[in-house]
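Undergrad: predicted model, plus sequence, below.
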Amino acid sequence: MQQTKQQTTQPDGAAAAQPAVLSVRDLWVEYRARRGAVQAVRGVSFDLLKGETLALIGESGSGKTTLALALMRLLARSARIRGGRVLYRRDGREVDVLSLKPGELRRFRWSECAIVFQSALNALNPVLKVWDQIFDAAAAHGMGNRQAMRRRAIELLQRVQLDAERVLRSYPHELSGGMRQRVLLAMALVLNPQILILDEPTTALDILTQRAIIDLLRELKQELGFSVLLVSHDLSLAAELADRVATMYAGRIVELGTVEEIFYQPHHPYTVGLLKAVPTLAGGFRPLESVRGSPPDLIALPPGCKFHPRCPFAEQRCLQEEPELLALDTRGSLHGHAAACWYAEVVAKAWQSEQGAQKEAGAPTGMEGEAWPPR
């Protein structure tokens, strides 16, 4: 199997349909450990467009949360940003977040870019009431009018379907998990940020609360017009909320495209493996098939393509050369459909052939196909 390397007919820096509010270029993040450097994020580049939702999906340990925290420079002390640029744009100005001074960085956080953390109970201060935490965040950004801020807090808490007066005078432990998650969402929107980062926003919540938060996020995004970077291992959540999806593996983006392209025209074997692990919700029964093997050791990564030990399509070239994220269409590798695989077209043809066979047999297709790869 041999694939000709795809060429991008549009440069990565070319303008997309919507302007990019955030451009990440060649970002590298590593953690210090006794055995060596943990290469958590390796040369990641992408654009977050105005008003869009971009989902980062992948297994635990693929670098999703580290990437999200690096964008706001909230990494642990053991982490180091080794290189790259994070360019933020608003009202015709552009700043590199990685070069902001401490005072500028504090102003950037929450007013320009806010984050909703995975564990709401850990993210909230247990000894402060909700109102005190909201006002402290606002006051730190120069909004010291208590009455105006209380009106704003009440408005947002009501928007996220909470009893505002009761919640404002409550401590975090007095609220349920779903209520705390919605409090974090309201706090993140207090200063009208242009970018909202959601780190596993529905993890550990019951299915009804998940549904409510998904509907709420969709409604707020449409009304307020902010951009969303969604970090999740839940493919169904990404399919519901996202406009584009980026698959991450071993610290790199290995496939990028629209929801339709990723879920129905995947070109990377890891994306296909994730789709095959999704339970069937309609049609006939099929056994689940997880991606074989385990994620690589990020301290001692294998040579060549990092997915090759688990890949059913791997050839000798995959063991020696790591592919770049290459465009599959004329929109460019940052704005169109792109995959980091030497045999992307071979993978896509095998997927389409398998889906066609399943459709003829009346079995589920798309995210609900049969065993992969075809044997």
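TA: Looks like it arrived, so ask away. Residues are numbered from 1 along each chain as shown.
Undergrad: how about the contacts made by the residue nearest the centre of the chain?
TA: Nearest residue to the geometric centre of the chain (CA atoms, centre = their mean): Leu56, 2.6 Å. Neighbour list for Leu56: 64, 67-68, 229-232, 246, 248 [criterion: CB atoms under 8 Å, 6 or more residues apart in numbering]. In this view, the C-beta of every residue, glycine as well, is placed from N, C-alpha and C.
Undergrad: mind checking how far the nearest residue to it once chain neighbours are set aside is from Pro172?
TA: Excluding its sequence neighbours, the residue lying closest to Leu56 (CB to CB, 6 or more residues apart in numbering) is Lys64, at 4.5 Å. Lys64 is 25 Å from Pro172, where distance means CB to CB, to the nearest Å.
Undergrad: might one say that Lys50 is in contact with Gln18?
TA: Yes - at 4.7 Å, Lys50 counts as touching Gln18 under the criterion of CB atoms under 8 Å.
Undergrad: neighbour count winner among the two?
TA: More crowded of Lys50 and Gln18, by other CB atoms under 10 Å: Lys50, with 18 against 15.
Undergrad: look at Asp329 and give its secondary structure.
TA: The assignment at Asp329 comes out as coil when based on DSSP: H, G, I helix; E, B strand; the rest coil.
Undergrad: which helices and strands does the helix or strand of the chain with the lowest mean pLDDT pack with?
TA: Within the chain, no helix or strand scores below helix 120-123, which has a mean of 81 by mean pLDDT, DSSP states H and E. With contacts defined as 3 or more CB pairs under 8 Å, 6 or more residues apart in numbering; DSSP states H and E, the packing partners of helix 120-123 are helix 177-188.
Undergrad: pull out the buried positions in the helix it packs on.
TA: If you call a residue buried by 16 or more other CB atoms under 10 Å, then helix 177-188 has these buried ones: 178-188.
Undergrad: which parts of the stretch 201-350 of the chain are strands?
TA: Using DSSP state E, counting those that start in this stretch, the strands found in the stretch 201-350 of the chain span residues 227-231, 244-249, 252-258, 326-327, 338-339.
Undergrad: quick one: closest of those strands to Val41.
TA: strand 252-258 (8.0 Å; CB to CB).
Undergrad: neighbouring strands - and their directions - for that closest one?
TA: strand 244-249 (antiparallel), strand 338-339 (antiparallel) (DSSP bridges).
Undergrad: what's the spacing between that strand and its chain's center?
TA: Chain-centre distance of strand 252-258: 11 Å, with CA atoms, centre = their mean, to the nearest Å.
Undergrad: circling back: and among the strands of the stretch 201-350 of the chain, the most buried is which?
TA: Sort the strands of the stretch 201-350 of the chain by mean neighbour count, taking mean count of other CB atoms under 10 Å, and strand 338-339 sits at the top with a mean of 30.
Undergrad: re the thing from before, any idea which helix or strand comes after the helix or strand encompassing the residue nearest to the centre of the chain?
TA: Secondary structure assigned from DSSP states H and E places Leu56 in strand 53-57. Using DSSP H and E, the next helix or strand after strand 53-57 towards the C-terminus is helix 64-71.
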